[in-house]
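In: Fold the following.
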Amino acid sequence: QVQLVESGGGLVQAGGSLRLSCAASGRTLGTYFMGWFRQAPGKEREFVAVINWNGDTTAYADSVKGRFTISRDNAKRTVYLQMNSLKFEDTAVYYCAADDKYRGVVAGAPMYWGQGTQVTVSS
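Out: Down below sits the predicted model:
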């Protein structure tokens with residue numbers, strides 16, 4: 001079993017930055033794909049970013065390309081989402097996800113989910 005715990009959310013002004021962290025416990029996630037999703041009020045959960053096991057392959061939703069960066073530190077069993085140039089429409093609960101298959105993450109049906117962390121961007 002794997003537990004994912006997100007942190008780093010909060011309130012920030014438009015144009016500002018936040019870094020989210022997702023700490024994993026339980027079995028090792030060294031070969032897992034890790035991702036971030038978000039869900040705004042009244043909307044479906046949507047894919048944000050994914051990273052492969054060693055960090056050399058990433059993919060992003062068009063809405064965050066050039067502003068968000070996903071990274072991981074396997075030694076710390078942590079995945080990060082650096083969010084820059086935040087916009088009001090980035091306001092959402094952000095969830096961490098893990099799966100041993102790329103498709104499992106990007107399709108929004110991963111093996112494991114975190115509990116989420118709230119990001120609020122004021123305009």
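
In: what's the distance between the residue nearest to residue 13 when sequence neighbours are not counted and residue 19?
Out: Once flanking residues are discounted, residue 13 sits nearest to residue 122: 5.4 Å by Cβ to Cβ, 6 or more residues apart in numbering. In this view, the C-beta of every residue, glycine as well, is placed from N, C-alpha and C. Look at residue 122 and residue 19: by Cβ to Cβ, to the nearest Å, they are 18 Å apart.

In: Which elements pack onto the helix or strand hosting residue 38?
Out: Assessed by DSSP states H and E, residue 38 sits inside strand 33-39. When contacts are defined as 3 or more Cβ pairs under 8 Å, 6 or more residues apart in numbering; DSSP states H and E, strand 33-39 packs onto strand 18-26, strand 46-51, strand 68-73, strand 78-83, strand 92-99, helix 102-106.

In: Let's test this: mean pLDDT of that strand, rounded?
Out: Regarding strand 33-39, the rounded mean pLDDT is 97.

In: Low-confidence ranges, this protein, go.
Out: Within the chain, no stretch has pLDDT under 70.

In: who's the most centrally placed residue in it bridged to?
Out: Closest residue to the average C-alpha location of the chain: residue 36 at 2.4 Å, with Cα atoms, centre = their mean. For residue 36, the beta-bridge partners are residue 49, residue 96 (DSSP bridges).

In: right, and it touches residue 92 too?
Out: No: Residue 36 is not in contact with residue 92 according to Cβ atoms under 8 Å; the separation is 10.4 Å.

In: Restricting to C-alpha, output the helix or strand containing residue 119 in CSV.
Out: Using DSSP H and E, residue 119 falls within strand 117-122. Presented in CSV, the C-alpha positions along strand 117-122 are these (Å, rounded to 0.1, in the frame of the first residue of the first chain):
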residue,chain,number,x,y,z
THR,A,117,-4.2,20.5,-1.1
GLN,A,118,-6.0,23.7,-1.7
VAL,A,119,-4.5,26.4,-3.9
THR,A,120,-6.3,29.7,-4.0
VAL,A,121,-5.2,32.5,-6.4
SER,A,122,-6.6,35.9,-5.7
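
In: before we move on, the earlier item: which residues belonging to the strand holding residue 38 are considered buried?
Out: Buried positions in strand 33-39, judged by neighbour count with 16 or more other Cβ atoms under 10 Å: 33, 34, 35, 36, 37, 38.

In: No further questions, thank you.
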